[in-house]
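Q: just coords:
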């Protein structure tokens, strides 16, 4: 089978104009990055290289640069849970997220999004940290992470900071990473258990996307919905849309329309569709038109809400 990692790293190593460094833990990554920044070189982190290899072949990487091979940093490949959150190392592949019992139980929305990314071959190589750092509004993990209210742990040298996933991307291919900084992990809050005396609550988590074909397609529109339902009333809901603006769009006005409504309430669904179409910011490009994206996003929302209404209590 085609090996993106081997091919990407070999291409980097053969390019005499680039420096290549291999790091085996987060401290080595931070140290190598800091040294490169002091030398006024652009830092690229090589993990799955499914995006980086394409950029390398197209000759669009900044010069002078340093490539840090971070594949050997085992500490960045762990999935763990604490009392309040699930932590996913930035080098975790999408196949590992799909196969993780911890993610399937606690983060079904992220698992569903991961299943739509590329092909099995791509999912075996592509990492969650790379998908986030690539900073495409069409990146399929990003709407799910925003809807889950996830945060990112960023590291630069010995300094760490935590930022909301919703605040990470500032525009297409742009983000808040500082020179030499990298994503160490993703933290997703776990839902607290309902008290025994409370009405039983259930969650529905749905990820939907539209592309030019069923697989191996960049999203024209994607939608992530994460909600809590009690007695068939939506007690809370978070909605995030991808490929409909310069960043992933958290649809708070649409959330306000639906909060407190009954599952399957047709008038609320219609109002929510109208509100969603108004609050996203799509553009015309070579993949689709703004008009299509507005209509498609509204249709995906309706599909998600009707699916939730039809689900067994």
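A: Arrived safely, thanks for sending. Keep in mind the model is a prediction, meaning the values are calculated, not measured.
Q: now do the strands in the stretch 51-200 of the chain.
A: Secondary structure of the stretch 51-200 of the chain by DSSP state E, counting those that start in this stretch: the strands cover 65-69, 79-81, 85-89, 151-156, 159-164, 169-171, 174-175, 182-189.
Q: helices or strands up against the fourth one?
A: Where contact means 3 or more CB pairs under 8 Å, 6 or more residues apart in numbering; DSSP states H and E, strand 151-156 is packed against helix 26-38, strand 159-164, strand 182-189. All C-beta atoms are positioned from the backbone trio N, CA, C, and that covers glycine.
Q: mind listing what that strand pairs with, with the direction of each?
A: Taking DSSP bridges as the criterion, strand 151-156 forms sheet pairs with strand 159-164 (antiparallel), strand 182-189 (antiparallel).
Q: tell me which of these is the most buried.
A: Of the strands paired with strand 151-156, the one with the most neighbours on average (mean count of other CB atoms under 10 Å) is strand 182-189, at a mean of 22.
Q: what residues does the host helix or strand of residue 267 touch?
A: Using DSSP states H and E, residue 267 sits within helix 266-279. For helix 266-279, contacts defined as CB atoms under 8 Å, 6 or more residues apart in numbering pick out 239, 241, 249, 251-254, 257-258, 261-262, 294-295, 297-299, 301-302, 305-306.
Q: among the residues you listed, which ones are buried?
A: Buried members of the contacts of helix 266-279, counted by 16 or more other CB atoms under 10 Å: 239, 241, 249, 251, 254, 257-258, 261, 294, 297-299, 301-302, 305.
Q: chain center to stretch 61-71: distance?
A: Centre-to-centre, stretch 61-71 and its host chain are 23 Å apart (CA atoms, centre = their mean, to the nearest Å).
Q: what about that stretch, how long is it end to end?
A: End-to-end distance for stretch 61-71: 20 Å, by CA to CA, to the nearest Å.
Q: do the same with stretch 237-253
A: Its start and end residues considered, stretch 237-253 measures 11 Å (CA to CA).
Q: give me the mean pLDDT for stretch 79-93.
A: Averaged across stretch 79-93, pLDDT comes to 95.
Q: and it, what's buried?
A: 79, 85, 86, 87, 88, 89, 90, 91, 92, 93.
Q: now the terminal residues of stretch 76-95, how far apart.
A: End-to-end span of stretch 76-95 (CA to CA): 15 Å.
Q: any chance you could list what contacts it?
A: For stretch 76-95, the external contacting residues (CB under 8 Å, 6+ apart) are 26, 47-48, 70-71, 73, 75, 96-97, 100, 102-103, 106-107, 114, 117-118, 120, 122-132, 141, 182-190.
Q: buried among those residues? Need that as a selection in PyMOL.
A: Burial among the contacts of stretch 76-95 is assessed by 16+ other CB under 10 Å; the matching PyMOL selection reads:
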select buried, resi 26+47+48+70+71+73+96+97+100+103+106+107+114+117+118+122+123+124+125+126+127+128+129+130+131+132+141+182+183+184+185+186+187+188
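Q: picking up where we left off before, from the contacts of helix 266-279, which land in helices?
A: Among these, the ones falling in helices (DSSP state H) are 252-254, 257-258, 294-295, 297-299, 301-302, 305-306.
Q: so can I have CSV of those residues showing distance to residue 235 and pLDDT?
A: Listed next are the ones in helices among the contacts of helix 266-279 as CSV, based on distance: CB to CB, whole Å; pLDDT from 0 to 100:
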residue, distance to residue 235, pLDDT
252, 16, 98
253, 18, 98
254, 16, 98
257, 14, 98
258, 11, 98
294, 28, 95
295, 29, 96
297, 24, 97
298, 23, 97
299, 25, 97
301, 18, 98
302, 20, 97
305, 15, 97
306, 19, 96
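Q: return the member of those residues nearest to residue 64.
A: residue 297 (41.8 Å; CB to CB).
Q: apart from its chain neighbours, what residue comes closest to the closest one?
A: residue 221 (5.1 Å; CB to CB, 6 or more residues apart in numbering).
Q: poorly predicted segments of the chain, please.
A: The model of the chain has pLDDT under 70 over residues 1-18, 60, 192-200, 212-217, 313.
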